[in-house]
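Asker: The following block contains a protein sequence and its predicted model.
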Amino acid sequence: MLIWSVITLFFIFPQGFASAENNSDKVPAEKIVEERYHSVLQKWEKEGVKDASNIEVSVPSSDSISTDQQNLLPDSESKGYGDSVFYWHNQESISYEVNVPEEGLYELSFDYYPLSNKVIPIEGAILVNGEFPFYESRRIVFPSEWKNEQDVFEKDRFGNDVIPQQTTVNKWSRAKAEDASQLQPAPLKYFLKQGKNTIELSNLRGEMLVGKLSVTSVSELLAYEEYIEVNKGHKQVKELIVNEAETNYTKNSSYIRPFASTDPSAVPSDPKYLLLNTVGGDSWATSGQEVNWNIKVDKDGFYQLTFKVQQNKKTGAPVFRKVSIDGEIPFSEVASYTFEFNKKWSNVTLSNDKGEPYLFYLTKGEHTIGLEADASPIERVAYTTNEVMKEIEELSLSIKKLTGNQTNQSRGWKISEYIPDIEDRVNQWAKTLEEESKYLKGLGDPEKDSSEIVSLQLAVQKLKKLSEKPDEIPNRMTELSEGSSSVAQLLGNLLVELPKQPLLVDRFYLHGEQELPAAAIGFLEKTWNGLERFALSFTSGNYTVDNRDDETIEVWMNRPRQYVEQIQNLADRTFTPETGIPVKFSLMPDESKLVLSSAANKQPDVALGISNWLPYELSIRGAAVDLHQFEDFEAYSKQFSPGAFLPLMIEDSVYALPETQDFFVQFYRRDILDAMNLPVPDTWDDVISILPELQRFGMNYYTPISGAAGFKPFQTTAPFIYQFQGDLYEKDGMRTAIGSEEALEGIQFMADLNTIYSLPLQVPNFYNHFRYATMPIGVSSFTTYVQLTSAAPEIAGWWDITPQPGNKQEDGTVERWATGSGQSAMIFKGTKDKEKSWELLKWWMDTETQTEFASSLQTLYGPEYMWNTANLEAFNQLPWPEEHKETILKQWEYLQEVPKTPGAYMVERELSNIWNRIVFDGENTRSAVDDSIIAIDREITRKMEEFGYMKNGKMVKPYPIPTIEQVKSWAGEENDKK
C-alpha cells in the first residue's frame, strides 16, 4: 500500500512533510494501517513467541462485557442454541474478557447463526486488548451455508436444465478467525498475554446471532501414518459408491453452481439438450470456497477417494483443494492437495507422491466429504510480489519528488547521486521475483510455464534492463510503474490471477481396489457426438430471433446469454401464468441493426437492454410507441429518476423506460486520506484545497474527463455546465446555450482543473491507479464500483464512496448534477399488440421483478454480476451495502441526463473540441466557445429542417427541450431544477 510510501518519504525528505506536520496533530502514518499477518508472524517467531499448548477457554455471550443488554437475547430466542446469545448487527460490538494461564499464540473461534440471506458476506473485525494485532484482523468473514432449492433440475422451454435458485441453510456453526483472502494455510494466530485479555468482535456488515467465544491452542493435523494408526484394525471395503457432484451438496458461497458441460465424457450427457452435469469451474475459483457433499456408506472401513475432474483453466499451473471428512481435515497430506493441469477429464485418486492411494476411514451411515479451494501454496509469492510492488511505488514516488513529476526525454538525470542504492534495489527486485518464479515452477509441471510464471519472467527482464542504466529510469517510468506494460502493472495483474483455483468436478467415487469407469470416452464416440450435436444445433432455436408466431410477444435482449435465460425462466414462472401472455426472449444479434430491422418490418415487439440513444433514433423516424399514451404511464413513471427520461423524450412523448442506470460518485481510499490527514471533499473548492498535498507525493484526483482518450463524451463534460446552472440548448431547441455566462463558467472550470490545478490529462485505468494509490480519490462510475467490489480484495474495507463534489451556491447548497446513461426498454410501432407489450414492460421494470432478477443474478453468478436497475425502489432492496445504496440514491437525486435533439451529436463533439483547444492549444475560452457555437447552430438548423421543425432557416414549430420539471409534473411534484 501507498501508506508505506508515505512513511518512507518522510524519512527521505522530512522537509517535504514539515508543513503538514506543523499544521495538524496528524496521526502517524504507521499507526493507520497495521503490518500484514505474514510479517507479524515472522516477528513473533524471531521474538521466540510460542504456540500455547493444550488450552481451551470458552466465554459465553451472557458473560460478555460492554454490551447493550437489549441485544443480549434469552435462550428462548436463540434459534436452538440453548443459552443466551448476542444479536450482532449495525456496527455494534461484543467484548469478551478472557483469562489464559500462559502467554502465547492462540486461535479464536465464534459460534454464530447467520440472520442475513444476502450474497454480501457477514464481516467483522477482531481487536485484542483494544488494538488490531495485524491488518488481516480488520476483516473476518463469517460464511453462510447455501444449497440448491432442489436437486431435481427443472427444464426450460427448450428442454435444457435450469440452474436452481439458491437458499440459505439456517443453522448454528463455529468459525475460526481466518484471513479473509484465504491465503493463509491455517487459522489466524492471536497473541494473548498471561492473565486477563479483552477480545472485541466489531460488526462491519451483516447480522447474526453470536454464541460463545472459544480460545484454543493452535491445532495440529495428524500425519497420514498417525491417522492410519489411530484407525487401525479396520479393513478396506470392496464396494464402489458413485456420487454425482452436481447434486446433494451444500456450499459456503451461493455462486458455486452446477454447470452444463457439452463434453460427452461428462455424465449425464445429451447431444441436443444442455444438462447440468458438473459443478464448479470458474464459479469455484476463489480461495476459501467450499463444497460439502452428503454421502451414505453401508459399511465401516477404509475407502479410497477418487474425483473425476477437469482442470483446464490455468494452463501449466496446478490448483489446490483442502479435503475434509465431516468438516475436519483427516491428515496433513490432504490439507492442500494438488490437482494438476489437464485439458481432458481424468480420475484423480487421492494418493501420495509415489502414487499409493490414501485410505479414508468411514463408519456406517451418513457423512460429508468436502473440497475447499486453497490458494495457500502461493501465499509466499503473493506476499513477496506485493512487497516488491510497494517498494517500486516508494522508489517511483521518490523519483517524482526529485523530478517534480515531469518527464522530459531530452533532459538527463543523475538519479544515482540522490538515490545511491537505486541500482541495487532494482537488481534485488529482479532476483527476488526470479526466486518466486522458480518456486511457482516447482509447484506444477516443470515442462510448462503458466501465465503467472511468464508474467514474473517478463517483470524480471524489464527490471534487469532498467538496472543497467539507472540514471535513465526517470525517463522510463512507463517501464517501471506507469502504463499497461510496466513492471507494476504486470505484478498487479499477477496478484489478481494468481490466487484463482478453478476446478470442475463431474463425480466422485468411494471404492476399493476395483477398476473405475473411464474418465473420458473414446475418440470415435466423441467425434460422432460432436457431429450429432452440430446437426441438432440447426433445429434447437435456443434464444434465437427465429421461429416467430402471431401469439407470442417477441423480445430482443441486448444482454449475455445467462441474462436472457434468467429473464425467460422468470417470465415463464410468473408473467405468463399470471397474464396468459406468452413471451419469447431472444439474444439480440446487433442493437445497431434495430433501425434496419424496423425499416424492413422485421423488428420485435419489445427490445430490452438497448443504449439510451436508440429509442430516440427510432422514435424520430416513427418506429417507436409513445408510452405516455398509456393511461397508467404517469403513475408508473414515479419509480424512476426524473432525469433519466430526458434522452427518451420528444416534446411530451416518451419512447422508452430507463432499464439500468449508471452513477458517478466519489471514490476514496480511507487509509490514504487518513494517513495524510486530508478531509473527504464535498465541493470542488474542497477538491482544490487538497490537491497541493496530494500532488506533493505524486498523487492526484481523477475526473471522468481524464478517462476519455481523445473525444470527450457528454458524460464527462455536461456535468460541469449543469453544476454551474448552465444549459446545452435554448428552450425552443433551435440554438445551443453554451454561450451563456453560466455555461461559460462551467466550461472554464472544467478546463482549469487541468490547466491550472494540474489534474491528469489522461488516465487509461482509474481502477488500477486507485488500487495502487497513485490516485486515491476521484469521481467514477458503476463500472469502477463493480471492479473494486469484486476484484480488489487487497483494499477491501479500506475504500468508500460519497456523492460527487459539486458547485457550492450562495445559499450554501451544493449542485451535484451528473449524467447517468444506462440501458433502456422500448416497444416498437410494429408490435402485434401494444397493450400486451406494455404489460410485459411494466412487469419487467416492476419492483418485485427487478429485485428478484437482480438477487438471482448475483446469487448465482457472483458479486461481479451486479444489476444497476433504474427502478429506485428495487435498487434500494438490492443485496448491496446499505451505506453505499444510500450514497448512490442521494447522488441520483441530481441525475440529469442530456436530452436528445437532432443536432445533439454536434454539441457533444464541439464541447470536446472546446476542451481540447483550451487545454492543448491555450485558446481563450470565450473565443473557443464562440467558434463552436457557429458550427453547432449551423448543424442544428440543417437537422431541424430535415425533420420539419424549420424551413428556409425559420422555425416552423418549436422543439421544446425536455426538463426535469416537466417529468416531475407528471407525478404532481414540485422541483427547483430548470
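Answerer: Arrived safely.

Asker: going forward, measure contacts between C-alpha atoms and count neighbours the same way
Answerer: Will do.

Asker: Identify the single longest helix in this structure, thanks.
Answerer: Longest helix in the chain, counting residues (DSSP state H): helix 379-403.

Asker: Show me which parts of that one are buried, residue by residue.
Answerer: 379, 381-383, 385-386, 388-402 (16 or more other CA atoms under 10 Å).

Asker: What of stretch 437-449?
Answerer: Neighbour-count burial for stretch 437-449 [16+ other CA under 10 Å]: 437, 439-441, 443-445, 449.

Asker: before we move on, what about stretch 133-153?
Answerer: 133-148, 153.

Asker: in the stretch 501-650 of the chain, which spans are helices?
Answerer: 523-536, 561-570, 576-579, 594-599, 614-619, 633-636 (DSSP state H, counting those that start in this stretch).

Asker: List the contacts of the second one.
Answerer: The set of residues that contact helix 561-570 without belonging to it, under CA atoms under 8 Å, 6 or more residues apart in numbering, is 156, 543, 557, 584-587, 853, 857.

Asker: Return the distance of the most centrally placed residue in the chain relative to Thr783.
Answerer: What sits nearest the mean C-alpha location of the chain, by CA atoms, centre = their mean, is Ser790, with 2.3 Å. Distance, Ser790 to Thr783, using CA to CA, to the nearest Å: 11 Å.

Asker: repeat for Trp413
Answerer: As judged by CA to CA, Trp413 and Thr783 stand 40 Å apart.

Asker: Which strand or helix spans the residue lying closest to Asp51 once chain neighbours are set aside?
Answerer: Distances taken as CA to CA, 6 or more residues apart in numbering place Leu105 nearest to Asp51, at 4.5 Å, with adjacent residues excluded. Element membership for Leu105, per DSSP states H and E: strand 104-114.

Asker: circling back: ok, the residue nearest to Asp51 touching Gln194?
Answerer: No - at 10.8 Å, Leu105 does not count as touching Gln194 under the criterion of CA atoms under 8 Å.

Asker: quick one on the thing from earlier: which of the contacts of helix 561-570 lies closest to Asn612?
Answerer: Met557 (13.8 Å; CA to CA).

Asker: show me what contacts that closest one?
Answerer: 564, 585-588, 607-610.

Asker: Which strand residues bridge it?
Answerer: Bridge pairing for Met557 (DSSP bridges) gives the partners Leu587, Leu608.

Asker: And the pLDDT at Val309?
Answerer: Val309 is assigned 98 on the pLDDT scale.

Asker: do the one 5 residues further on as well
Answerer: Lys314 carries a pLDDT score of 91 in this model.

Asker: Would you enumerate the residues in contact with it?
Answerer: Taking CA under 8 Å, 6+ apart as the test, what Lys314 contacts is 341, 450-451, 502.

Asker: And the closest residue to Thr338 other than its chain neighbours, its phi and psi?
Answerer: Take Thr338 and drop its neighbours on the chain: the residue closest to it by CA to CA, 6+ apart is Phe320, 4.7 Å away. Main-chain dihedrals, Phe320, degrees, to the nearest 10: phi -130, psi 150.

Asker: can you pull the contacts of Phe320?
Answerer: 336-339, 373-375, 377, 501.

Asker: ok, 6 Å please
Answerer: Neighbour list for Phe320: 336-339, 374 [criterion: CA atoms under 6 Å, 6 or more residues apart in numbering].

Asker: cool, and Ala519?
Answerer: Contacts for Ala519 (CA under 6 Å, 6+ apart) come out as 345-347.

Asker: Quick check, Asn868 in contact with Thr660.
Answerer: Yes - when contacts are counted by CA atoms under 6 Å, Asn868 is listed as touching Thr660 (5.4 Å).

Asker: could you point out which element follows the longest helix of the chain?
Answerer: Immediately after helix 379-403, counting by DSSP H and E, sits helix 415-418.

Asker: Now do the helix or strand just after that next one: which elements does it pack against?
Answerer: Following helix 415-418 in sequence order, the next helix or strand is helix 422-443 (DSSP H and E). If contacts are counted by 3 or more CA pairs under 6 Å, 6 or more residues apart in numbering; DSSP states H and E, helix 422-443 sits against helix 451-468.

Asker: ok, back up a step: so which pair among the contacts of helix 561-570 is furthest apart in space?
Answerer: Lys584 and Leu857 (19.4 Å).

Asker: Could you tell me the per-residue confidence at the nearest residue to Thr831 once chain neighbours are set aside?
Answerer: In space, and not counting its chain neighbours, Thr831 is closest to Asp605: 4.4 Å by CA to CA, 6+ apart. Looking at Asp605, its pLDDT reads 96.

Asker: What of Leu678?
Answerer: pLDDT, Leu678: 95.

Asker: The residue nearest to it when sequence neighbours are not counted is in what secondary structure piece?
Answerer: Setting aside the residues directly before and after it, Leu678 is nearest to Ile690 in space (CA to CA, 6+ apart), at 6.9 Å. Assigned by DSSP H and E, Ile690 belongs to helix 684-696.

Asker: Can you give the domain ranges for this protein?
Answerer: The chain resolves into domains spanning 35-217, 224-375+501-527, 379-497, 553-659+823-892, 665-820+901-970 when parsed by automatic domain parsing.

Asker: ranking those domains by mean pLDDT, which is last?
Answerer: Sorting these by mean pLDDT places domain 379-497 lowest, at a mean of 88.

Asker: and it, how far out from the chain's middle?
Answerer: With CA atoms, centre = their mean, to the nearest Å as the basis, domain 379-497 stands 27 Å off its chain's centre.

Asker: picking up where we left off before, of the contacts of Met557, closest to Trp799?
Answerer: Using CA to CA, the contacts of Met557 come closest to Trp799 at Gly609, 30.3 Å.

Asker: how close does that closest one sit to Gln850?
Answerer: Applying CA to CA, the value for Gly609 to Gln850 is 13 Å.

Asker: the more surrounded of those two?
Answerer: Gln850 (25 against 19; other CA atoms under 10 Å).

Asker: Out of the contacts of Phe320, list just those in strands.
Answerer: In strands, defined here by DSSP state E, the members of these are 337-339.

Asker: Reformat those residues as CSV; add neighbour count.
Answerer: Shown next, in CSV, are the ones in strands among the contacts of Phe320 (neighbours: other CA atoms under 10 Å):
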residue, neighbour count
Tyr337, 22
Thr338, 18
Phe339, 20
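
Asker: sorry, back to before: between Asn868 and Thr660, point out the one with more neighbours.
Answerer: Thr660 (23 against 20).

Asker: can you pull up the bridge partners for that one?
Answerer: Thr869.

Asker: Is it in contact with Trp867, as I believe?
Answerer: No - counting by CA under 6 Å, Thr660 stays clear of Trp867, with 7.6 Å between them.

Asker: before we move on, the earlier item: could you single out the nearest of the contacts of helix 561-570 to Leu516?
Answerer: Asp156 (33.7 Å).

Asker: so what's the closest one closest to, chain neighbours aside?
Answerer: Nearest non-adjacent residue to Asp156 (CA to CA, 6+ apart): Val162, at 6.1 Å.

Asker: ok, now how distant is the one you found from Leu857?
Answerer: Distance from Val162 to Leu857, by CA to CA: 13 Å.

Asker: which residues of the stretch 801-950 of the chain fall in strands?
Answerer: 807-808, 814-815, 823-827, 950-951 (DSSP state E, counting those that start in this stretch).

Asker: Can you tell me which of those is most buried?
Answerer: strand 823-827 (a mean of 26; mean count of other CA atoms under 10 Å).
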